[in-house]
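Trainee: take a look and give me a structure for this.
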Amino acid sequence: MRSADPDVMLLSALADPVRLSIVRQLATADDVCACDFTECCDVSQPTISHHLKVLREAGVVVSERQGTNIVYSLSPDFSRRWSGIGASLTNLVQIA
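Mentor: This is a model prediction of the structure:
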């Protein structure tokens, strides 16, 4: 059963190594063409497309068509959402 909780969807989307690699690449670049993700991830273009769909549905990335290319970037509110999750967990575990 798929959760409707946006935080669960975000964390679930980031839990995959390929998707995390995509997010890391987007964190260092403004816009990345979908065709350029095969350089960071050792998977086929159809697999990249699937992972980008999961990230888009979770609200992690946004896309924009530029000519024949689709360009991806981190969602404008991704940083706020990520920080909010971290802040909600700060008192959960005591670190020595």
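Trainee: determine the three-state secondary structure at Tyr72.
Mentor: strand (DSSP: H, G, I helix; E, B strand; the rest coil).
Trainee: got the contact list for it?
Mentor: 22, 26, 31-34, 37, 52, 61-63 (Cβ atoms under 8 Å, 6 or more residues apart in numbering). For the C-beta atoms, the positions are set from N, CA and C on the backbone; glycine is no exception.
Trainee: in helices, which of those fall?
Mentor: Judged by DSSP state H, the subset of those located in helices is 22, 26, 52.
Trainee: ok, residues contacting the one helix or strand in the chain whose mean pLDDT sits lowest?
Mentor: Every helix and strand of the chain was ranked by mean pLDDT, DSSP states H and E. The lowest is helix 78-89, at a mean of 86. Helix 78-89 is contacted from outside by 6-7, 10-11, 59-61, 75, using Cβ under 8 Å, 6+ apart.
Trainee: could you find the closest non-adjacent residue to Val61?
Mentor: Leaving aside its sequence neighbours, Val61 sits nearest to Leu55 (Cβ to Cβ, 6 or more residues apart in numbering; 4.5 Å).
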